[in-house]
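*Asks:* one predicted model, sequence on top.
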Amino acid sequence: MLIRNFIFWLSTKKALTDAIGRRGMRYGFAQRFVAGEALADALDASRELAQDGRRVSLNHLGENVRTVEEAEHARDSYIEMTRQLHAAGLDGNISIKLTQLGLDFDRRLCERLTGEIAAAAGELSRSIEMDMEASKYTDSTLDIFEATVRRAPTTGLAIQAYLFRSEHDIERLMRHKPKIRLVKGAYRESGRIAFQKKSQVDSHYRKRIDQLLDHCAEGRCLPAIATHDPLMLDHARAGIKRRGLTPDRYEFQMIYGIRRDLQQALRAQGHPLRIYVPFGTEWCPYFMRRLAERPANCWFVLRSLAAESFHRPRSSA
């Protein structure tokens with residue numbers, strides 16, 4: 001926990017994140033978790049994943065825009081991502097962040113832009129998913145999701161298992177028969193609202209898996225189990241088998257570049273798998289959260305920076 005908090009603290013230091021941003025793509029370590037800085041890079045990565053039967057979810061990295069123009073630009077980017085996925089014939093959707101659509105300063109604008117993205121995706125028989133950001137946005141995100149899913153029923157939403165409120169939030173959403181992406185949670189949250197110990201988070205993640213699978217068995221939701229934890233995967237697979245769920249009723253999700261061995265194992269077992277493929281120039285905050293989730297990932301950065309010091313750039317990990 002101390003290492004995780006330290007990495008979160010580092011992520012607030014602009015001099016450091018700027019240094020990482022200048023070096024990350026050039027020296028390869030960011031490419032472990034980020035497909036590239038351009039949409040073309042993400043599409044190339046998606047084609048490779050598709051060859052192994054993996055679905056994708058594209059995410060254009062960026063958060064907390066400050067102007068209407070920036071929010072509208074993000075909307076246009078998301079719509080273009082959907083069109084390019086469709087043109088390439090890839091089995092994929094897009095995942096959006098509401099703070100990239102103006103949630104910080106104009107909730108109505110954010111809801112309108114989200115609806116426009118969902119409508120554009122729907123015209124191509126595509127879906128969108130909403131990321132769940134820090135806890136101060138949870139209520140607004142749930143409200144905007146409910147407004148959107150009424151018009152675009154295939155819209156999905158991420159729920160963070162480490163928040164105390166998540167059990168209630170899942171129950172609230174079941175009337176929409178939604179797609180729910182279950183994640184552990186990647187933001188630094190207070191002990192007043194979120195579980196802090198890994199054992200607690202793991203316990204409640206398992207409970208939320210069971211909650212979603214029970215609802216799935218009743219035809220009330222489509223669970224997307226998003227984890228790289230082998231024990232959580234074992235729990236989910238056992239629950240799926242016990243309930244007799246067929247592969248069209250659930251999916252697993254993993255992040256680009258993480259636990260590729262587990263990704264291959266899931267596909268070999270016949271489970272549907274979607275890979276979250278992030279790209280863009282504003283990748284550093286996302287990258288730092290990936291380090292905080294698993295501090296051992298820091299070694300990729302340290303080795304790459306050491307290689308730079310000796311003028312021997314490394315290839316991507």
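*Replies:* That came through, no problem.

*Asks:* can you show me the strands along this protein?
*Replies:* 55-60, 92-96, 128-130, 156-160, 179-183, 222-226, 251-255, 273-279 (DSSP state E).

*Asks:* now do the first one, average pLDDT.
*Replies:* Yep, that's strand 55-60 we're talking about. For strand 55-60, mean pLDDT rounds to 96.

*Asks:* and the gap between G89 and A194?
*Replies:* 40 Å (CB to CB, to the nearest Å). C-beta coordinates here come from the backbone N, C-alpha and C atoms, glycine included.

*Asks:* show me which of the two is the more surrounded one.
*Replies:* Each of G89 and A194 has its neighbours counted (other CB atoms under 10 Å); A194 has more, 21 against 9.

*Asks:* state the pLDDT value of that one.
*Replies:* 97.

*Asks:* can you check V68 too?
*Replies:* Reported pLDDT for V68: 98.

*Asks:* tell me how many other residues crowd it.
*Replies:* V68: 13 neighbours (other CB under 10 Å).

*Asks:* list the residues that contact it.
*Replies:* By CB atoms under 8 Å, 6 or more residues apart in numbering, the residues touching V68 are G102, D106, L109.

*Asks:* just the buried ones out of these, please.
*Replies:* Buried members of those, counted by 16 or more other CB atoms under 10 Å: G102, L109.

*Asks:* restricted to helices, list the contacts of V68.
*Replies:* L109 (DSSP state H).

*Asks:* switch the contacts of V68 over to a markdown table; also include pLDDT and distance to Y162.
*Replies:* A markdown table is the format used below for the contacts of V68 (pLDDT from 0 to 100; distance: CB to CB, whole Å):
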| residue | pLDDT | distance to Y162 |
| --- | --- | --- |
| G102 | 98 | 27 |
| D106 | 98 | 29 |
| L109 | 98 | 30 |
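
*Asks:* looking at the contacts of V68, which is nearest I96?
*Replies:* Proximity of these to I96 (CB to CB) peaks at G102, which lies at 11.8 Å.

*Asks:* can you tell me the closest non-neighbouring residue to that closest one?
*Replies:* Closest residue to G102 apart from its sequence neighbours, by CB to CB, 6 or more residues apart in numbering: A71 at 3.6 Å.

*Asks:* which residues are in contact with the one you found?
*Replies:* V65, Q100, L101, G102, D106, L109, C110, L113.

*Asks:* now do H60
*Replies:* With CB under 8 Å, 6+ apart, H60 has these contacts: L39, A74, S77, Y78, M81, I94, Q100, P278, F279, G280.

*Asks:* 10 Å instead, please
*Replies:* 39, 42, 74, 77-78, 80-81, 94-97, 100, 278-282 (CB atoms under 10 Å, 6 or more residues apart in numbering).
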